[in-house]
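>>> Could you look at this predicted model? Sequence included:
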Amino acid sequence: MTSPIFEITKAATFDAAHYLPDGSPERGYTRMHGHSFQVEASVRGEASGPVGWVADLADLDQALREVAGELDHGVLNEKEGLASPTLENLCRYFAARLKPRFPGLSRIVVSRPSIGERCAMEVG
Ligand SMILES: Nc1nc2c(c(=O)[nH]1)N=C([C@H](O)[C@H](O)COP(=O)(O)OP(=O)(O)OP(=O)(O)O)CN2
Ligand SMILES: [Zn+2]
């Protein structure tokens with residue numbers, strides 16, 4: 001039997017302000033405002049090594065918290081690559097920072113649970 005492929009996921013949260021400079025002024029997108037965010041990072045692979053895991057979730061947790069911590073209680077627009085801080089671009093931001101550390105990174109999900117919004121990005 002071929003070795004099964006697993007997908008492990010870790011979540012973190014952060015709160016930040018943003019505005020969408022090219023968004024709809026009528027909908028308030030161009031005004032500075034804030035959200036609470038959740039980010040989930042998933043890593044796919046075989047369970048291997050003496051312990052039998054894809055990767056240590058503690059390592060994924062530490063890396064995810066580091067990146068989320070850079071954004072927490074800040075203005076997203078000030079970060080490189082987030083001049084237009086949509087959920088989509090936040091997914092790209094996390095993927096770019098985590099892929100070098102976790103080659104098996106398979107998915108990033110960034111959501112705003114309080115308003116029922118979620119964006120998933122499949123990482124190649
Ligand atoms: N595809 C996307 N569409 C929108 C995004 C996005 O990231 N990707 N982002 C926004 C704005 O950030 C907007 O502030 C999102 O919040 P919204 O849906 O407007 O809800 P509110 O925070 O304003 O809360 P309400 O109670 O609904 O007013 C828009 N679109
Ligand atoms: Zn917003």
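That came through fine. Numbering: from 1, shown residues only. Ligands and ions are numbered 1, 2, ... in the order given.

>>> Show me the shaky parts of this protein.
Along the chain, the model assigns pLDDT under 70 to no residue.

>>> cutoff 90 now
Where the chain drops to pLDDT under 90, the residues are 1-2, 124.

>>> Contact residues of the protein facing ligand 1?
Taking C-beta under 6 Å from any ligand atom as the measure of proximity, the chain contacts ligand 1 at 20, 29, 33, 86-88, 115, 117. Yep, even glycine has a C-beta here, placed from its N, CA and C like the rest.

>>> Are any of those buried, and if so which?
20, 86-87 (16 or more other C-beta atoms under 10 Å).

>>> wait, which of those residues is closest to residue 58?
Using C-beta to C-beta, residue 87 comes nearest to residue 58 of these, at 26.6 Å.

>>> That closest one: what's its closest spatial neighbour, skipping adjacent residues?
Excluding the flanking residues, the one nearest residue 87 by C-beta to C-beta, 6 or more residues apart in numbering is residue 119, at 3.6 Å.

>>> next one: residue 57
residue 10 is the one closest to residue 57 (C-beta to C-beta, 6+ apart), at 5.6 Å.

>>> Just the element for the one you found, please.
Element membership of residue 10 [criterion: DSSP states H and E] is strand 5-18.
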